[in-house]
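*Asks:* Sequence plus the predicted model coming up.
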Amino acid sequence: MAINVNIRKHLIEKHRRFELNVQFQASTNFLVLFGPSGAGKSLTLQSIAGLITPEQGTITINNTILFDSQTHINIPVHCRNIGYLPQNYALFPHLTVMDNIGFGLKKFWQWSLNKAEQQRVQDIMHLFEISNLANSFPRSLSGGQQQRVALARALVCKPNLLLLDEPFAALNPLLRTKMRNELLQIQKLFNTPVVIITHDQADVDAFGETVVIIDDGKAQQIYNHKNRIRETPDLSITNLMLSNHEALNEA
Amino acid sequence: MAINVNIRKHLIEKHRRFELNVQFQASTNFLVLFGPSGAGKSLTLQSIAGLITPEQGTITINNTILFDSQTHINIPVHCRNIGYLPQNYALFPHLTVMDNIGFGLKKFWQWSLNKAEQQRVQDIMHLFEISNLANSFPRSLSGGQQQRVALARALVCKPNLLLLDEPFAALNPLLRTKMRNELLQIQKLFNTPVVIITHDQADVDAFGETVVIIDDGKAQQIYNHKNRIRETPDLSITNLMLSNHEALNEA
Amino acid sequence: YTVENELVVSAAASLTNAFKELGKKFESEKGVKVVFNFAASNNLLQQIEKGAPADVFASADEATVKKGVDSKALLGESVKIFVSNSLVMVVPTDSQLGLTSTQQLTGDTVKKIGIGSDNVPAGRYATESLTTDKLIDILKPKFIYADSVRQVLDYVQKAEVDAGFVYASDALVAKDKVKVVATLGNHTPILYPIAIVTDSQQKDLAEAFINLVRSEEGLKILTTFGFSKPDTK
Amino acid sequence: MFSAWSEIDWLPLWLTLKVASIATLIAFMIGIALGYLLARTQFWGKEVLDAFLTLPMVLPPTVLGFYLLTIFGKKGWLGGFLLEHFNYTLIFNWHGAVIASAVVSYPLVFKSARAAFEGVDANFENVAKTLGQNRIAVFLRVTFPLAWRGILAGTMLAFARAMGEFGATLMVAGNIPERTQTLSLAVYDAVQAGNDSLANVLVLITSIVCITVLVIASRLLKSNHW
Amino acid sequence: MFSAWSEIDWLPLWLTLKVASIATLIAFMIGIALGYLLARTQFWGKEVLDAFLTLPMVLPPTVLGFYLLTIFGKKGWLGGFLLEHFNYTLIFNWHGAVIASAVVSYPLVFKSARAAFEGVDANFENVAKTLGQNRIAVFLRVTFPLAWRGILAGTMLAFARAMGEFGATLMVAGNIPERTQTLSLAVYDAVQAGNDSLANVLVLITSIVCITVLVIASRLLKSNHW
Ligand SMILES: Nc1ncnc2c1ncn2[C@@H]1O[C@H](COP(=O)(O)OP(=O)(O)OP(=O)(O)O)[C@@H](O)[C@H]1O
Ligand SMILES: Nc1ncnc2c1ncn2[C@@H]1O[C@H](COP(=O)(O)OP(=O)(O)OP(=O)(O)O)[C@@H](O)[C@H]1O
Ligand code: MOO
Ligand SMILES: [Mg+2]
Ligand SMILES: [Mg+2]
């Protein structure tokens, strides 16, 4: 994957104002966004997905221009073929787990999924240990179950790019390890590039081919190739975060 | 604190059925609920809060009977004076951050909070680093910001008991450490007992005076006094979770 | 529950314009406020039967008043005929059909005829007239029933029907939009009765108003609005 | 058409606004109470009751007025009682117009409110309870504001309906100039009297007033920030 | 009262159901289209347009009928056009009753739908877009089902209103037995004729039919599981 993000956007709510001004690029399969709460990580992910339109800048993935403010290119969200797991899951409350997961596979004029697609939904439910929930509605699911359904929904369409906003936050360590490995497997299998937001050092260790630290709306980039990361001491990133904004911005 | 929980409840949704059958007791200030996704942790917390009515059993806190199916005692939720942070935050979307936090302090016939209460809201916002969000509405907050607002809302009323469902899941490690310390401080200051659900080993280390493992709707209790916990190796609890249900239930 | 020095007159909607004039006159003469309530005659009677505080009831047809007298809502001895009306056939002003009589309605060029339904006195009179003239069976398929005379007028004005049957007084109101081409005969005389309401607390005033309506002056006002003097038998 | 302006009596306008406002208020309270009841309780025959409560929509207003007259008239059971014990009647006065309009328009609030209440996520109410709020407080501070969008839509429909109410009002309150003649009755009168230009002007006034009230209401009462 | 049963003509019932169903369908489509438009677009004068679109609620139905006649009548601009080019008119036939009922009841769907659409959390629509769904698919598969509760409430009100529509129908379709006489016209006729027992029976029938339809609709169409 080659991803290139260079965007600017102001968000104003009453007297509060947040300025997003993020630039980074990577050519690794995994890219980790890391940073304190309210730094602009989710907004960055939403911009890549196309849910937020930046005021200025460009977003390119593998030489495909998704957005360019100068040439007025802005590929519509539904044509970007990007899998997105939002931080609040946003499971469709009126659909069962199975229908939620199969949502992206079905065209709106189709009555039901074909055999192969149904199988695909079954498989991913099995993989994520949510087969028994197939006919349940989201409101009766536990936090971790909801998160897995949302992850399955984003993955099942075999997107060209996966955007995951804290995908394992609601899972217990054991399941988290399992899911992390599944994600690595899936990535390898379909060769889908992944951008992941996480607060978990273990995720950084596992996925951090490229780590981008975002703070106060600005990006600070660190390359952390996989073979090297094992060497870095635990909480290395967290320690990095301890340095204040000025230091980061100057660096 | 002396907490005694002994409850049974069936939840049925279509063909799916979940049986909650949890028993534990503790006399420590902190109690950690730990367990895999979908085990029944959140349901247990909701039962203590009074949001779910068990079919059978008793719940007592410090010799106050909150619920007893035999004597038909069931203290209404709003009289229990329990602070509750739900897993999905459930911030009131129509209220600003400040009004969300002050919600429990205001009686419905009051026009506004008095000086002292306003100050209390200001103080906790300052403590949780969300003062700048005071007039924002929840929908414009980041995940971590939302979680802190929800935590502040539960704490500000000085409840007799605090029930926290994964209170730090959306926070970055640095903030998590800070908030953990704040919670310890607050607990010491007001001597409020805390029941906390977490997937984070560090939380278990910090708060795990008593650890209750919940799996498949059943509780398995472990006392882990604070002075001893430092000795236990990391991921001790997680390892415990690796053993299968039968082993747990027999033990 | 009656307000002193106030007379409530429930009058058929077709009397609206004329009675407003009469009311002004009565107020200036007696120093008593006249409060009008205009609606369809049968609605007015329903109100009175259910205890609405009216003093005088002026109806557009005798049947309604007879019902009221039978149910003792109206004072039988107070019933007086005060005015008469005639039924006319109207056509749109720009009508090309050259209709001048009811007989001509049987022609193929006439497709639709507006007529009041059986609930509307004007409709009943028209039916009666056409029945006597033995036209009713031929014309019936062309009928468009309306629930008030006003509606028939509307249909004629908008040329939705080729002709319609309305009161002369109504035709006068819309004289620039419809033209009267014939007057119908062979029906019971169209007589407007007026009566005192049994529950009225001001029967004297009510009677005074009725007297004004039936006076020479009253009749003069009524005739300017298209009504005629009843041939009191 | 403009000559008709001089004929206009402005009294019906104030009367209409008074009647429609009070009727909307009554419809609002009844509609919300019933909507909340049906949204939050389960009992046998609930949907039948729900449909039954919308019946004022399905009866032609004149017919509804006829039945109201039967109940509230001097000889009706309620009307007779009120007259005997309180020497009060609402027949032929503006109170009658209020009742007629309220009965005709409360189903609009009721149905919208029920749907809106049912759409409120129970999580919010639950959290409010844990914050020490009793049932009333939860309703006033959480359920009601969260359902507000739907309730407001229903209330605005109710106001429009109340302003336009005519058939039932005619029967119950009568068509009495300066006392019970609302704008819609005045329009009826003008049409009856063949005064089309006056009717047009009155319709124009009604429309403008209604639009103005609704626009102002939506400005003032709509919460756009969430 | 029972003797009145024999007088009953069942034709008006079928006619009423036909007219009300088709009118509700039209109101449903127009109401949803307008509701969605106003919920999802921003433009100057939006609230004025919104209020303007609710005007059919505020005009006395007879007056509305009068204007419909002006538009759809032989001399009306639309009616004249239709007659000239397609030799079609809806005056004095049941199509007219459908149009009148639809015009009177679409604001009910429109207002409810707008509020319901505005209440749909944009997050769900956003996620649907990322799952490759275009605007139409997002609307049909997410927005519409999530707004369904409010839309259904509005539609049921619209159906009741359409069944009871009377004033405008009377003007546009005429009161022609066996051709355009709906139940409410029959009720009106019976009340006007002072035939109280027939009126009562007809009201009973109307009420039962309306309740039945609404209860069945709420059973079939309501999604209670979420
Ligand atoms: N609509 C908006 N208007 C104004 N400010 C906004 C809006 N949406 C988000 N923000 C602000 O932008 C900042 C970045 O938000 P974002 O959700 O990207 O944070 P984040 O890095 O994902 O944090 P977290 O780890 O807590 O989820 C926050 O301070 C947030 O309050
Ligand atoms: N209303 C319901 N009907 C049926 N099953 C339910 C209902 N609510 C919850 N459950 C099931 O009960 C189980 C326990 O749920 P709970 O939310 O307590 O899990 P949890 O331990 O908090 O898990 P997590 O860590 O994922 O949040 C889950 O399997 C869930 O699907
Ligand atoms: O107003 Mo009348 O009584 O229908 O002619
Ligand atoms: Mg975020
Ligand atoms: Mg949980």
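*Replies:* Arrived safely, thanks for sending. Ligands and ions are numbered 1, 2, ... in the order given.
*Asks:* Check residue 198 and give its pLDDT.
*Replies:* Since you didn't name a chain, this refers to chain A. Reported pLDDT at A:Thr198 in the predicted model: 92.
*Asks:* not what I meant, chain C
*Replies:* The predicted local distance difference test score for C:Thr198 is 94.
*Asks:* Can you name the residues that contact C:Lys50?
*Replies:* Going by CB atoms under 8 Å, 6 or more residues apart in numbering or on different chains, C:Lys50 touches D:69-70, D:73-76, D:79, D:91. Heads up, the C-betas are built off the backbone N, CA and C, glycines and all.
*Asks:* With C:Val120 as the reference, measure out to it.
*Replies:* C:Lys50 sits at a distance of 22 Å from C:Val120 (criterion: CB to CB, to the nearest Å).
*Asks:* just A:Met179 next, same as before
*Replies:* Here A:Met179 is placed at a distance of 79 Å from C:Val120 (CB to CB).
*Asks:* Please apply the same query to A:Phe207.
*Replies:* In this view, A:Phe207 and C:Val120 are 84 Å apart by CB to CB.
*Asks:* Please name the residues that touch the residue of chain A found nearest ligand 5.
*Replies:* Shortest chain A-to-ligand 5 distance, computed as CB to the ion: residue-wise this is A:Gly143, at 4.1 Å. Counting by CB under 8 Å, 6+ apart, A:Gly143 touches A:170, B:37, B:42, B:87-88, B:165-166.
*Asks:* host element of the nearest residue to D:Leu78 once chain neighbours are set aside?
*Replies:* The shortest distance from D:Leu78 to any non-neighbouring residue, by CB to CB, 6 or more residues apart in numbering or on different chains, is to D:Ile71 (5.1 Å). Following DSSP states H and E, the helix or strand that holds D:Ile71 is helix D:61-72.
*Asks:* So A:Arg120 sits against A:Cys157, correct?
*Replies:* No. The criterion here is CB atoms under 8 Å, and A:Arg120 misses it with A:Cys157 at 9.4 Å.
*Asks:* rewinding a little: which two in the contacts of A:Gly143 are spaced the farthest apart?
*Replies:* Checked with CB to CB, the contacts of A:Gly143 reach their widest spread between B:Ser37 and B:Asn88, with 14.5 Å between them.
*Asks:* Point out where the chain drops to low pLDDT.
*Replies:* I went with chain A, as the question did not name one. Counting by pLDDT under 70, the low-confidence segments of chain A come to A:224-251.
*Asks:* Switch to chain D, please.
*Replies:* When the per-residue scores of chain D are filtered using pLDDT under 70, the ranges that remain are D:1-8, D:224-226.
*Asks:* In it, which residue sits nearest chain B?
*Replies:* Ranking the residues of chain D by distance to chain B (CB to the nearest CB) places D:Leu131 first, at 3.3 Å.
*Asks:* For that residue, grab the count of nearby residues.
*Replies:* Around D:Leu131 there are 29 other residues, counting by other CB atoms under 10 Å in any protein chain shown.
*Asks:* Please apply the same query to the one 5 residues further on.
*Replies:* Counted with other CB under 10 Å, the burial measure for D:Ile136 works out to 10 neighbours.
*Asks:* hang on, isn't it packed against B:His78?
*Replies:* No. With contact defined as CB under 8 Å, D:Ile136 does not count as touching B:His78 (10.3 Å).
*Asks:* The residue nearest to D:Leu170 when sequence neighbours are not counted bridge partners, please.
*Replies:* For D:Leu170, ignoring the flanking residues on the chain, the nearest one in space by CB to CB, 6+ apart is C:Ala39 at 5.7 Å. With DSSP bridges applied, C:Ala39 shows beta-bridge pairing to C:Ala12.
*Asks:* gap between C:Ala39 and ligand 5?
*Replies:* 66 Å (CB to the ion, to the nearest Å).
*Asks:* dump the residue contacts of that residue.
*Replies:* Shown here is C:Ala39, whose contacts under the criterion CB under 8 Å, 6+ apart are C:10, C:12-13, C:47, D:170, D:174-175.
*Asks:* Counting only helices, which of the residues you listed make the cut?
*Replies:* C:47, D:170 (DSSP state H).
*Asks:* Pick out whichever of the contacts of C:Ala39 sits closest to B:Ala152.
*Replies:* Sorting those by distance to B:Ala152 puts D:Leu170 at the head of the list, at 58.7 Å, by CB to CB.
*Asks:* returning to that earlier point: next, the contact list for the residue of chain D closest to chain B, please.
*Replies:* The contact partners of D:Leu131, by CB under 8 Å, 6+ apart, come to B:78, B:103-104, B:153-154, B:157.
*Asks:* And it, how close does it get to ligand 2?
*Replies:* As defined by CB to the nearest ligand atom, to the nearest Å, D:Leu131 lies at a distance of 21 Å from ligand 2.
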